[in-house]
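1. I'd like to go over a predicted model; first the sequence, then the structure.
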Amino acid sequence: MKDIRNIALVGASGAGKTSLAEQILFNSKTITRIGKIEEGNTVMDFSAEEIEKGMSMVISVANYNWKKCKINIIDTPGYADFASEQIAASIAADTLLFVANASAGYEVSLEQSIELLENSNAARGFIINRLDNEGADFNKTLETIKENCDLNPVPIFLPIGSEHRFEGVVDIVKGKAYIGGKETDIPANLVESYEENKLVLMEAVAESDDTLLEKYFEAGELTDHELTAGIKKAIAKGSLVPAFACSATHNIAVNELMNAIVDYLPSPADINEVEIEENGVKKNIAISENGELLAFVFKSFSDPNVGDLAYVRVFSGSLTSGTDVLIPEKNSKDRVGSMYFIVGKNRTDASQIKAGDMAALVKMKVARSFNSIVKPGSKLMLSKPELPSSVFWQTIKAINQHDEDKIGTALGKLLEEDPTLHLEMNTETSENVLSGIGEQQVSLLAKKLKSRYKIEAEMKTPKVPYKETLRGNADVNYKHRKQSGGRGQYAEVYFRVKPKPRGEGFEFINSVVGGTIPTKFIPAIEKGLNEILKKGIISGNPIVDISVEVYYGSFHDVDSSEMAFKIASWNTLKKAFEAGNPILLEPIREVQIIIPEEYMGDVMGDVSTRRGKILGMDKKGKKQILKAQMPLAELFNYFPALKSLTQGRGKFVQKPSHLEKVPDEIAVKVIAAANEKND
Ligand SMILES: Nc1nc2c(ncn2[C@@H]2O[C@H](COP(=O)(O)OP(=O)(O)OP(=O)(O)O)[C@@H](O)[C@H]2O)c(=O)[nH]1
Ligand SMILES: [Mg+2]
């Protein structure tokens, strides 16, 4: 395990993660020609959707050899909609390397990535890329990172030259400069900065270990050996966040970065532990080749050419092809078939995957994204990752009727690829509602539906599941009498209808005495009521929170029937709604809006125009949290609005809260729209 490194390239979109992976794979002779994003021929961005857009949308994995180590590299999309890919990578990798664009500084997508992965147990580092770009500034980029988040990157590389003069780096640990692949002395103009930064690095390393700290105080410095050995430990512990400098597309300092990955980043043995869940309790277990099997599927997907593929990271024990395994999240057995080591879209056979390593499994029947793989009978299971809550909703429906049967299965398969997408049938509005974290994510799903399953889908803003109820009491009666030859129909009921407190639902009370309605018809009355409660009276939405007491009535020996009593109770309730001041209720959600302080005024104003109620404020790191209640009707399209109000920096989480009366002017419109459809 000491000879493995597992790294994930995360961070800003467009910062050059895929380009860097490509260059690394070329420099290590894993691939023989270099692809370019612009030409759509990189090893990592190989899906049709990625090539078309010129950006990553799904995780890709590659492995290469460098300095007698095997390095597994996971390239992730930086675009915030594909958050589940970054979360998956953060579980599979031992080090997260946040790639920043040196000419763009602390971009929104970098901030989102840092915040998204803040609970990850992995080590962290920064790669300041694109240093050849006009306006590139290594120090300024590091400064803005320190200003805006809680991470404190410490340079291990210093860039030599900048913009079109960027030509190499100083490796502070080695005390050498590297220009054009050659080791040279540190340029005179960088000596001072080198010495300053070496001190900062020494301090950071010393602070991560008590014995080192003591030595540092005594001797005033650390030896080269102490520094080198201390760095890996400090990075593994998370107390040191190293920063590197390079240009991916110009291949400047990429070899040096590859050396640094082997020399300074932790191996699985250094990380040592992984968090698991046993009977709902979280605890850490050792990462070990000799331990019991524990692997994790960090991404599964259907590839049009190779079928079902699952990328796995083995944490403990080893995976052998042809063995039976258990998928604990589903309590189902599965079987490990063929296994492959992966380089983007290419692969080579693997017969065994040991703890610390990664590979791809094909044709797993049960194991999907975010599932553990263990030995049958085992109690192990990886801790469930926390996923961002939905902030975007769309209904989905096949455009062509003949696809209606197929779309369910196809969606089921596609949803398994992205655990942050959910599909729910809203039984009240009869809509299939997709929820997720952004428009791009949902539109990618539609594209895959079309390209893989040839299904064209239509998406719309969902309907609000309103409810109807009464505000006042009503004492009403209705006589249903029909004589149309043969047996007639007769039933009469008296109801006292009263509103009930929110959330108490429907109550049926029978207080008929003296047999004015025979007992055998009472269930029909209740059944009739239940039917109309589902359909509603004023707007076609279900009725909630009322009690109906049937207290009197009359019947006819021959003409009374269950049907007659049902009809009578429908009409009586309708009369109650005419008399009892009916209102519409709408779902209210509790939201927490997380924004940088400077947007607080605008966001508060906007929340009010969306009928939101501000509950309070709080702080989260360097951000503000605005707590509010907002009607669901206003939330369906809130995310795009919040993003445009905060230059992409705002986000929110939400959960269901309660039902509240719809303001009259809106209720009138909802009711009119519902009745228009019925006409
Ligand atoms: N000048 C310069 N351009 C670069 C460098 N690295 C990447 N680029 C360019 O930046 C653009 C984005 O590069 P990608 O490799 O796709 O960036 P990414 O981080 O993978 O982006 P996402 O997958 O969308 O998150 C492409 O046009 C690259 O050619 C670099 O070091 N210097
Ligand atoms: Mg990319």
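-> Yep, it's here. Numbers count the residues shown, from 1 in each chain. Ligands and ions are numbered 1, 2, ... in the order given.
2. spell out which residues of this structure are next to ligand 1.
-> 13-19, 37-38, 55-56, 77-79, 99, 129-130, 132-133, 247-250 (CB under 6 Å from any ligand atom). Glycine gets a C-beta too; all of them are placed from N, C-alpha and C.
3. beyond the longest strand seen in the chain, next helix or strand please.
-> Counting residues, the longest strand found in the chain (DSSP state E) is strand 582-595. Once the chain leaves strand 582-595, the next helix or strand it forms, by DSSP states H and E, is helix 600-609.
4. any residues touching the helix or strand following that following helix, and which ones?
-> Remark: after helix 600-609, the chain's next helix or strand is strand 613-620, criterion DSSP H and E. Residues from elsewhere that reach strand 613-620 (CB atoms under 8 Å, 6 or more residues apart in numbering): Ile594, Met600, Met604, Val607, Ser608, Gln624, Ile625, Leu626, Lys627, Ala628, Gln629, Met630.
5. so who does the fifth one touch?
-> Put plainly, it is Ser608. Contacts of Ser608 (CB under 8 Å, 6+ apart): Ile614.
6. from Phe508, how far off is it?
-> 41 Å (CB to CB, to the nearest Å).
7. for the fourth one, same thing?
-> Here Val607 is placed at a distance of 40 Å from Phe508 (CB to CB).
8. who's more crowded, the two?
-> Neighbours per residue, other CB atoms under 10 Å: of Val607 and Phe508, the larger number sits with Val607, 21 against 17.
9. nearest residue to that one in space, ignoring adjacent ones along the chain?
-> With sequence-adjacent residues excluded and distances taken as CB to CB, 6 or more residues apart in numbering, Val607 is closest to Ala628, at 5.3 Å.
10. can you pull the contacts of the one you found?
-> Glu590, Val591, Gln592, Ile593, Val607, Gly612, Lys613, Ile614, Leu615.
11. surely His556 and Tyr490 touch.
-> Yes - assessed by CB atoms under 8 Å, His556 is found in contact with Tyr490 at 3.8 Å.
12. just checking, Val262 is part of a strand?
-> No - counting by DSSP: H, G, I helix; E, B strand; the rest coil, Val262 falls outside a strand, being helix.
13. under the pLDDT cut-off, which ranges of the protein? List them.
-> 304-306, 677-679 (pLDDT under 70).
14. could you rerun that using 80?
-> Within the chain, the ranges that satisfy pLDDT under 80 run 272, 279-280, 287, 303-307, 484-486, 621, 677-679.
15. how does it divide into domains?
-> 4-204+239-271, 274-374, 392-460, 468-580, 585-666 (automatic domain parsing).
16. can you lay out those as CSV showing distance to His225?
-> Conversion of these to CSV gives the following (distance: least, CB to CB, whole Å):
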stretch, distance to His225
domain 4-204+239-271, 11
domain 274-374, 25
domain 392-460, 45
domain 468-580, 67
domain 585-666, 37
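17. give me the buried positions along stretch 211-222.
-> Leu212, Lys215, Tyr216, Leu222 (16 or more other CB atoms under 10 Å).
18. swap in stretch 327-335?
-> Applying 16+ other CB under 10 Å to stretch 327-335 flags Ile327, Pro328, Glu329, Asp334 as buried.
19. measure the closest residue in space to Gly344 that isn't next to it in sequence to Gly515 for me?
-> Closest residue to Gly344 apart from its sequence neighbours, by CB to CB, 6+ apart: Val43 at 3.3 Å. Using CB to CB, Val43 is found at 84 Å from Gly515.
20. so those two - more neighbours on which side?
-> More neighbours surround Val43 than the other of Val43 and Gly515, with 23 against 8 (other CB under 10 Å).
21. how about that one, what does it touch?
-> So Val43 contacts Ala21, Glu22, Leu25, Ile31, Gly35, Ser60, Ala62, Val343, Gly344, Lys345, Asn346 (CB under 8 Å, 6+ apart).
22. same thing but at 7 Å, please
-> Counting by CB atoms under 7 Å, 6 or more residues apart in numbering, Val43 makes contact with Glu22, Leu25, Ile31, Gly35, Ala62, Val343, Gly344, Lys345.
23. still on that earlier bit, okay, His556 and Tyr490: which has more neighbours?
-> Tyr490 (21 against 14).
24. beta-bridge partners for that one, please?
-> On the basis of DSSP bridges, Tyr490 is bridged to Arg481.
25. excluding chain neighbours, what is closest to Asn121?
-> Closest to Asn121 by CB to CB, 6+ apart is Glu275, at 6.3 Å.
26. which SSE is immediately downstream of the helix or strand hosting the one you found?
-> Glu275 is part of strand 273-278 when elements are defined by DSSP H and E. Counting by DSSP H and E, the element after strand 273-278 in chain order, helix or strand, is strand 281-286.
27. what's the spacing between that next one and its chain's center?
-> In terms of CA atoms, centre = their mean, to the nearest Å, the centre of strand 281-286 is set 24 Å apart from its chain centre.
28. now the strands: where do they sit in the stretch 451-600 of the chain?
-> 457-460, 467-470, 474-482, 489-499, 506-510, 546-554, 582-595 (DSSP state E, counting those that start in this stretch).
29. Serialize those to a markdown table and add fields for distance to Gly181.
-> A markdown table is the format used below for those (distance: least, CB to CB, whole Å):
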| stretch | distance to Gly181 |
| --- | --- |
| strand 457-460 | 51 |
| strand 467-470 | 70 |
| strand 474-482 | 87 |
| strand 489-499 | 80 |
| strand 506-510 | 78 |
| strand 546-554 | 80 |
| strand 582-595 | 45 |
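30. of those strands, which is nearest Ala93?
-> Nearest of the strands of the stretch 451-600 of the chain to Ala93, taken as CB to CB: strand 582-595 at 25.5 Å.
31. in the stretch 551-679 of the chain, what residue is nearest ligand 2?
-> In the stretch 551-679 of the chain, the residue that lies nearest ligand 2 is Gly648 (18.2 Å; CB to the ion).
32. ok, that residue to ligand 1 distance?
-> Relative to ligand 1, Gly648 is positioned 14 Å away (CB to the nearest ligand atom, to the nearest Å).
33. for Leu411, the count of nearby residues, please.
-> 22.
34. picking that back up, list the helices and strands the strand holding Glu275 packs on?
-> Under the contact definition 3 or more CB pairs under 7 Å, 6 or more residues apart in numbering; DSSP states H and E, strand 273-278 sits against strand 281-286.
35. what comes up buried for the strand it packs on?
-> Ile285.
36. which non-adjacent residue is nearest the residue in the stretch 301-450 of the chain positioned nearest to ligand 1?
-> Ligand 1 sits closest to Gln440 of the stretch 301-450 of the chain, with a gap of 10.7 Å, by CB to the nearest ligand atom. The shortest distance from Gln440 to any non-neighbouring residue, by CB to CB, 6+ apart, is to Asp81 (4.0 Å).
37. number of nearby residues for the one you found?
-> 21.
38. my guess is it contacts Val442. True?
-> No - taking CB atoms under 7 Å as the definition, Asp81 is not a contact partner of Val442, at 8.2 Å.
39. just how off-centre is stretch 238-256 within its chain?
-> 28 Å.
40. got the buried residues for it?
-> Buried residues in stretch 238-256 (16+ other CB under 10 Å): 240-256.
41. what do you get for stretch 583-591?
-> The neighbour-count check on stretch 583-591 (16+ other CB under 10 Å) flags Ile583, Leu584, Leu585, Glu586, Pro587, Ile588, Arg589, Val591 as buried.
42. distance from the helix or strand hosting Gly125 to the middle of the chain?
-> Take DSSP H and E as the rule and Gly125 turns out to sit in strand 123-129. Centre-to-centre, strand 123-129 and its host chain are 22 Å apart (CA atoms, centre = their mean).
43. what's it packed up against?
-> strand 95-101, helix 138-148, helix 224-237, strand 241-245.
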